[in-house]
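Chemist: turn this into a model:
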Amino acid sequence: MFPIDVRPDRAVEELLEFNRKLGEGFKSLQDMGELESGVSPREAVYEEDKLVLYRYTQDESKVTVKTPLLIVYALVNRPYMTDLQENRSTIKGMLDAGLDVYLIDWGYPDGGDRFIGMDDYINGYIDRCVDVIRERHGIEKVNLLGICQGGTFSLCYSALHQDKVRNLVTMVTPVDFQTPDNLLSHWVQDIDVDTMVDSLGNVPGELLNWTFLSLKPLQLTGQKYLDMVNLMEDPKAARNFMRMEKWIFDSPDQAGGCFREFTKTFFQQNRFIEGGLEIGGQPVSLKDVTMPVLNIYARHDHLVPPAASQAMKGRVGTKDYTELDFPGGHIGIYVSGKAQKTVPPAIGEWLAER
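Modeler: Numbers count the residues shown, from 1 in each chain. Model prediction:
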């Protein structure tokens, strides 16, 4: 064993330097101003209840893939993660790849939404947004991009509405919800979801957020704030850090009905794998996903392990199935420099070929 070299003078120097960085960091925070939620220009083209359907604006001459792409994000976080900042924007990357991009912003459910279920989201909200886009462009089918839980919804929607989906892209989307390395799933198995929802109504976003952070407690709730001190002297780095923090803790409550159904149907009963899945009384089978599929997963994802996404292969009904393995994590797939150079261009190229 090597002796631990602890010198009082060095410890004092490190503490003084730490305090200096803290002081500079507080100044950066004071001068920061308001943090924006998304950076790419867009316009609202449809609204219903809490939902807003946005179209990202750009020069029409730059659109090379004429079939528009609708992004269906998860309910548990805000979709501006896909457009976090100028140099970390999946949206901007897809616009640069020649795509005409729409996105569903689910908004913030309140007490009046507690009984909204999966059928309402999938055969209701998503279907009406798809119809709005079809009517605007005079087309029969759209391209669909589902992210995380939104990918699960998109698989269900595509199976039920083959006549409206030309191509399906899924990102970090779980299919097998009970892979051995899925820690979140292990936690969920013994939860009495009925009692939880009956007691709470809507499920607080803060409760779910701290559950996700607890999956990697040292890294996500301790170490990153120590590391933050080294960033805060740089106003730009400090702003980027706080922009991410804003997104992490901007967690909408979950409509109780949908939370109950989703948790029991997928996490506890694993219906994609075990069969017997129904949405709104209609049977749903992955074999009915017959359009081309691009399945993108993150190799180091702690929320949706790669095996959970790879389970899609051989279960969907299409012969045109492609996988993209991104060497990063659940968040890095949207915001890392490597992701910006690879993921949006790959989506654009794949859709352009079809």
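Chemist: all contacts plus neighbour counts: C-alpha atoms, from now on.
Modeler: Will do.
Chemist: what segments of the stretch 201-350 of the chain are helices?
Modeler: Secondary structure of the stretch 201-350 of the chain (DSSP state H, counting those that start in this stretch): helices located at 205-213, 217-218, 224-228, 235-249, 256-262, 271-274, 306-310, 332-335, 337-352.
Chemist: quick one: buried residues of stretch 168-178?
Modeler: By neighbour count on 16 or more other CA atoms under 10 Å, the buried set for stretch 168-178 is 168, 169, 170, 171, 172, 173, 174, 175, 176, 177, 178.
Chemist: looking at the helices of the stretch 201-350 of the chain, which is closest to residue 97?
Modeler: Shortest distance between residue 97 and the helices of the stretch 201-350 of the chain, using CA to CA, is found for helix 337-352: 5.2 Å.
Chemist: that closest one: which residues count as buried?
Modeler: So, applying 16+ other CA under 10 Å, buried residues of helix 337-352: 339, 340, 343, 344, 345, 346, 347, 348, 349, 350, 351.
Chemist: contact partners for the fifth one?
Modeler: Residues in contact with residue 345 (CA atoms under 8 Å, 6 or more residues apart in numbering) are 93, 94, 97.
Chemist: give me the number of residues near the second one?
Modeler: With neighbours defined by other CA atoms under 10 Å, the count for residue 94 comes to 21.
Chemist: kindly state the pLDDT recorded for it?
Modeler: Residue 94 is assigned 96 on the pLDDT scale.
Chemist: over to residue 250?
Modeler: Residue 250 is assigned 87 on the pLDDT scale.
Chemist: what is the burial count for it?
Modeler: With neighbours defined by other CA under 10 Å, the count for residue 250 comes to 16.
Chemist: now residue 86, nearest residue through space, not along the chain?
Modeler: Closest residue to residue 86 apart from its sequence neighbours, by CA to CA, 6 or more residues apart in numbering: residue 39 at 6.3 Å.
Chemist: dump the contacts of residue 345 to a markdown table, plus secondary structure and distance to residue 50.
Modeler: As requested, the contacts of residue 345 are arranged in a markdown table below (DSSP: H, G, I helix; E, B strand; the rest coil; distance: CA to CA, whole Å):
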| residue | secondary structure | distance to residue 50 |
| --- | --- | --- |
| 93 | helix | 27 |
| 94 | helix | 26 |
| 97 | coil | 30 |
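Chemist: and of those residues, the nearest to residue 150?
Modeler: Comparing the contacts of residue 345 against residue 150 with CA to CA places residue 94 closest, at 17.9 Å.
Chemist: surely that closest one meets residue 347?
Modeler: Yes - assessed by CA atoms under 8 Å, residue 94 is found in contact with residue 347 at 7.4 Å.
Chemist: adding distance to residue 143, write the helices of the stretch 201-350 of the chain out as JSON lines.
Modeler: JSON lines is the format used below for these (distance: least, CA to CA, whole Å):
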{"stretch": "helix 205-213", "distance to residue 143": "30"}
{"stretch": "helix 217-218", "distance to residue 143": "37"}
{"stretch": "helix 224-228", "distance to residue 143": "37"}
{"stretch": "helix 235-249", "distance to residue 143": "27"}
{"stretch": "helix 256-262", "distance to residue 143": "24"}
{"stretch": "helix 271-274", "distance to residue 143": "22"}
{"stretch": "helix 306-310", "distance to residue 143": "20"}
{"stretch": "helix 332-335", "distance to residue 143": "19"}
{"stretch": "helix 337-352", "distance to residue 143": "8"}
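Chemist: now do the contacts for residue 206.
Modeler: Applying CA under 8 Å, 6+ apart, one finds that residue 206 lies in contact with 249, 251, 252, 253.
Chemist: what helix or strand is the closest residue to residue 101 other than its chain neighbours located in?
Modeler: Closest residue in space to residue 101, ignoring its immediate chain neighbours: residue 69 at 5.0 Å, by CA to CA, 6+ apart. Using DSSP states H and E, residue 69 sits in strand 65-72.
Chemist: re earlier: tell me the one of the buried residues of helix 337-352 nearest residue 159?
Modeler: residue 351 (19.1 Å).
Chemist: mind checking pLDDT for that closest one?
Modeler: Listed pLDDT for residue 351 reads 97.
Chemist: pretty sure it sits against residue 68.
Modeler: No - contact criterion CA under 8 Å: residue 351 and residue 68 do not qualify, at 10.2 Å.
Chemist: contacts for stretch 58-69, please.
Modeler: Residues outside stretch 58-69 that contact it (CA under 8 Å, 6+ apart): 41, 95-102, 133, 141-145, 348, 351-352.
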